[in-house]
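Student: test case, fold it:
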Amino acid sequence: MDELTRAEKIIGKFFESDKLWDLAAVMIKLAVMVLAGLIVLKITLKITRKALDRSSLDVVLYTFIINAIKTVAVIILITMCLGLLGVQMSTIIAVIGAAGAAIALALKDSLANIAGGVMIIVTKPFNRDDYIDIGNVSGKVKDIDLFITTLMTYDNKTITVPNGLVNTSILINHSKEDIRRVDCKFNIGYSSDIVLAKQLMKDICDRSDMVLEDPEPVIGVSDHGESAVIMDLLAWCHTDDYWTLKYFLEEEVKHVFDENNIAIPYPQMDIHIEKKDDK
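Tutor: Modelled structure (predicted):
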């Protein structure tokens, strides 16, 4: 009974003191600050979204910017609320700095991938559906996000490449330009008619709608091999027609050479035997 009386006295003194009103004032200020912060954040996000809608930024970067603004706003709002509650700003900054350093150290690879993703989205070395080579992998770009780039190979395999690796590797984009050159090499026998072979290859190019007239195809002897004369056929086409034209030229030249007795030799070796008289 004495303990209950003592508790009642403490509660009574608390309500009679100014602490209750101070606490109420702090809570009201805290509520106003949170409400004002959320309103400012909402207005900021609305303005940012309108600006991004008018820009040509990739949707991935669009999402990243919105999330980054939200994260920074929440950190600032929490810091201001803690300051209102009497926590020293120097303490808050020290805690945030230490936490940031620990997180950065633990997630250094992920942060490198995020930085690589931002660089890819900003510089745009490739887009979706481009066919690219990254290091020793190749494929059509299926998706790009902040952490990984996803490729789809022609035989329907999915390859995921960390953006940090993409950003630091030599990258070849086969789809960046509108036109590409198809390079073909054909071996003909040393006894075959080179002029006829060149004319036959030129006729094939003239018959194909895929071969562009400008730049003109280049046809000529590129090397003298051990068992064959090596001829180049360099024809330009639209990028989308590259593989179709490549297969067409390889097959059609073989048929035309066979019809016109242009030999396509295989590696061979001539052996000469000298006879010596026995003494």
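Student: would you check how far apart residue 26 and residue 36 are?
Tutor: 15 Å (C-beta to C-beta, to the nearest Å). Backbone N, C-alpha and C define where each C-beta goes, glycine included.
Student: and for residue 251?
Tutor: 73 Å.
Student: same thing with residue 192?
Tutor: 87 Å.
Student: for residue 150, same thing?
Tutor: 42 Å.
Student: and the strands in the chain?
Tutor: Secondary structure of the chain by DSSP state E: the strands cover 131-134, 137-144, 148-152, 158-162, 171-173, 179-188, 218-224, 229-238.
Student: save those strands as CSV, and put in mean neighbour count and mean pLDDT too.
Tutor: Below are the strands of the chain laid out as CSV (neighbours: other C-beta atoms under 10 Å; pLDDT from 0 to 100):
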stretch, mean neighbour count, mean pLDDT
strand 131-134, 20, 92
strand 137-144, 17, 89
strand 148-152, 20, 90
strand 158-162, 15, 92
strand 171-173, 14, 92
strand 179-188, 17, 95
strand 218-224, 13, 94
strand 229-238, 19, 95
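Student: with distance to residue 122 as extra columns, can I get these in a markdown table?
Tutor: Formatted as a markdown table, those follow (distance: least, C-beta to C-beta, whole Å):
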| stretch | distance to residue 122 |
| --- | --- |
| strand 131-134 | 17 |
| strand 137-144 | 12 |
| strand 148-152 | 14 |
| strand 158-162 | 18 |
| strand 171-173 | 15 |
| strand 179-188 | 26 |
| strand 218-224 | 38 |
| strand 229-238 | 28 |
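Student: can you say which of those strands is nearest to residue 260?
Tutor: Residue 260 lies closest to strand 179-188 among these, at 10.7 Å (C-beta to C-beta).
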